[in-house]
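1. Sequence unavailable; structure follows:
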């Protein structure tokens with residue numbers, strides 16, 4: 001999910017002395033905030049050739065939004081020129097601690113309207129050259145950069161608070177999640193507006209908030225309670241299975257959907273851990289909003305020890321290294337690339353810490369010959385939410401040859417209706433693309449390997465016009481003939497973060513085709529989600545028995561939609577590392593302890609005890625099994 005915009009290939013930048021800056025501002029690609037962050041921090045001492053950039057951006061001004069903006073704050077609504085600029089200090093163990101350095105969030109649609117002015121505004125504010133952020137309609141928030149002293153204090157206070165929070169009754173900790181759910185529900189529109197301001201298309205923001213509500217629903221919390229505590233009375237003993245918190249957990253969310261993914265930390269708190277959340281510099285607003293404005297007040301009202309939660313912001317590399325080196329940290333909850341995350345997991349284990357990894361995905365979808373094609377087509381278009389810059393959208397599809405021609409025709413027509421636009425537009429799905437260079441590289445390789453372009457294959461401007469320098473990429477479908485050929489294509493085997501969906505059509509139908517397709521899915525080196533569409537109960541039963549890849553298997557359902565009870569994240573292979581599976585963070589950040597409480601037991605007799613207290617029941621079950629076999 002886009003959190004801002006980055007720039008590649010097309011517009012050059014330079015310095016007055018002819019040297020090159022550390023970062024080139026060239027062409028808007030994906031997340032507005034990311035680009036502005038890089039420009040303000042890496043090009044701060046270089047003059048930038050702005051005229052050509054500004055001139056090119058005039059093409060994007062086809063639909064200007066009114067300066068009169070309506071924004072909701074809790075129960076208050078206000079319509080005026082501009083909005084309130086939220087200001088967040090570092091939140092360290094129950095106190096808001098000031099800083100002399102800030103990172104500013106500029107409204108994403110303003111960046112699309114005038115990139116150069118947005119860069120100047122952000123840089124001026126962050127360098128202290130101006131101090132009018134609160135008066136500027138396009139400055140939506142500022143977040144303090146945490147000092148080293150604050151970063152250290154967050155860990156110390158978390159360690160101090162850990163025993164007291166772990167001893168809080170489970171019901172009290174579950175109340176945190178229940179109240180969080182109700183508060184998000186009450187502030188749903190405000191939450192969506194925050195994400196839209198960061199650059200998430202409104203439909204994406206609605207999807208993210210819906211997922212947060214699902215994962216904290218009554219059904220989910222009922223499961224959490226059973227996962228954390230189970231009790232049985234067997235004979236003279238009360239036997240307990242109790243999950244105990246690991247202690248201090250640190251959380252580093254991704255830049256493409258920082259706020260919504262960071263909510264995984266809620267379960268970490270319910271498990272009894274203390275938590276330090278790092279807000280990425282490029283998209284700190286949403287993270288600070290959800291944790292400082294929603295979670296922190298609930299914790300305070302519940303009487304939680306102050307060190308249970310801290311929220312910091314700063315250089316990701318430095319903070320991660322501090323966490324890795326600190327003996328106060330027990331678990332590192334990390335979202336990011338597989339290349340970085342797998343190595344981080346190795347380093348964490350070497351340092352005696354538990355890694356909780358949420359890494360890349362390469363989700364597969366299969367549409368069988370007896371599927372509901374209209375619904376399957378609708379599901380496949382989920383690939384283009386956020387221009388494919390989400391780990392859990394469909395990344396490739398296998399289409400049964402008997403229905404391939406019909407389904408492809410329907411899909412091409414559906415995809416043609418997907419348009420770019422400002423994130424506030426409720427009909428927009430696409431975001432500017434960060435990895436445009438990679439997109440064209442993968443597309444070229446696929447075509448050279450025999451794939452056929454069915455739609456897309458080019459950049460587009462904000463108004464949908466084809467352009468060599470457009471910030472968006474048209475949704476792209478390519479047809480790949482045969483499973484064998486598909487295995488050799490990077491667009492099928494590697495994680496892709498752009499709007500490209502390979503449609504793989506096996507050569508012909510035969511009795512072992514389903515087995516081959518399942519084998520293809522299981523051999524995927526990533527393992528986040530997989531989805532199948534079929535009308536056959538026999539096929540469904542075979543899928544349930546034999547599909548081993550992935551943390552989540554969805555059949556005849558939305559691929560990206562969230563469901564109560566089932567976790568939202570987690571997977572096998574390069575998605576979650578060697579211990580990857582469907583990720584319930586409260587399980588991953590805790591450890592299982594068995595407890596036996598006996599009454600009237602003679603120790604010497606108990607040493608040799610081997611009789612089941614329900615021996616007769618076992619005999620009945622055994623007889624029933626024999627009867628069924630006969």
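-> Cool, the structure landed. Since this is a predicted model, take the numbers as computed values, not measurements.

2. Now for residue 98, how many residues are close by?
-> 9 (other CB atoms under 10 Å). Where C-beta positions appear, they are placed from N, C-alpha and C, glycine not excepted.

3. can you tell me how far residue 429 sits from residue 390?
-> The gap separating residue 429 from residue 390 is 11 Å, by CB to CB, to the nearest Å.

4. what do these two both touch?
-> Common neighbours of residue 429 and residue 390, using CB atoms under 8 Å, 6 or more residues apart in numbering, are residue 204.

5. ok, for the residue nearest the centre of the chain, nearest residue in space, not its chain neighbours?
-> A centroid search over the chain (CA atoms, centre = their mean) returns residue 261, at 4.4 Å, as the residue closest to the centre. Using CB to CB, 6 or more residues apart in numbering and skipping residues adjacent in sequence, the residue nearest residue 261 is residue 253, 4.6 Å away.

6. do you know how far residue 508 is from residue 542?
-> The separation that residue 508 has from residue 542, given CB to CB, amounts to 20 Å.

7. between these two, which one's more packed in?
-> The residue with more neighbours, out of residue 508 and residue 542, is residue 542; 15 against 9, by other CB under 10 Å.

8. List the residues that contact residue 230.
-> Residue 230 neighbours (CB under 8 Å, 6+ apart): 240, 241, 242.

9. ok, now with 7 Å
-> Contact criterion CB atoms under 7 Å, 6 or more residues apart in numbering gives residue 241 as the residues in contact with residue 230.

10. so what strands line up beside the helix or strand where it lies?
-> Taking DSSP states H and E as the criterion, residue 230 maps to strand 229-234. Each strand pairing with strand 229-234, determined using DSSP bridges, is listed with its direction: strand 237-245 (antiparallel).

11. Give me the contacts around the helix or strand just after the strand it pairs with.
-> If you walk from strand 237-245 toward the C-terminus, the next helix or strand you reach (DSSP H and E) is strand 248-252. With CB under 7 Å, 6+ apart as the contact definition, strand 248-252 has outside contacts at 155, 158-159, 162, 262, 265, 268, 273-278, 316, 320, 323, 328-335, 589.

12. I'd like the mean pLDDT over strand 248-252, please.
-> Mean pLDDT, computed over strand 248-252, is 98.

13. got it, and stretch 570-584?
-> What stretch 570-584 shows for mean pLDDT is 96.

14. okay, how far is it across it, tip to tip?
-> Counting by CA to CA, to the nearest Å, the length from the leading to the trailing residue of stretch 570-584 is 8 Å.

15. Just give me how far that stretch sits from the chain centre.
-> Remark: stretch 570-584 is offset 14 Å from the chain centroid, using CA atoms, centre = their mean, to the nearest Å.

16. What residues sit buried inside that stretch?
-> By neighbour count, with 16 or more other CB atoms under 10 Å as the criterion, the buried positions of stretch 570-584 are 570-577, 580-584.

17. among the residues you listed, which are in helices?
-> Using DSSP state H, no member of the buried residues of stretch 570-584 sits in helices.

18. In strands, which of the residues you listed fall?
-> Among these, the subset assigned to strands under DSSP state E consists of 570, 572, 573, 582, 583.

19. so residue 480 sits right up against residue 502, yeah?
-> Yes - when contacts are counted by CB atoms under 7 Å, residue 480 is listed as touching residue 502 (5.2 Å).

20. list the residues that contact both of those two?
-> In contact with both residue 480 and residue 502: 451, 486, 489, 492, using CB under 7 Å, 6+ apart.

21. low-confidence ranges in the stretch 1-150 of the chain?
-> 1-83 (pLDDT under 70).

22. For residue 312, grab phi and psi.
-> Recorded main-chain torsions at residue 312 are phi -120, psi 170, according to degrees, to the nearest 10.

23. follow-up on the earlier one: which of the shared contacts of residue 480 and residue 502 tops the neighbour count?
-> residue 492 (26 neighbours).

24. element containing it?
-> Counting by DSSP H and E, the secondary-structure element that holds residue 492 is helix 490-493.

25. Just the residues contacting the next helix or strand after that helix, thanks.
-> Read in the C-terminal direction, the helix or strand following helix 490-493 is strand 500-505, with elements assigned using DSSP H and E. The set of residues that contact strand 500-505 without belonging to it, under CB under 7 Å, 6+ apart, is 380, 383, 388, 394, 396-399, 401, 404, 408, 439, 442-443, 446, 451, 476-481, 483, 486, 489, 491-492.
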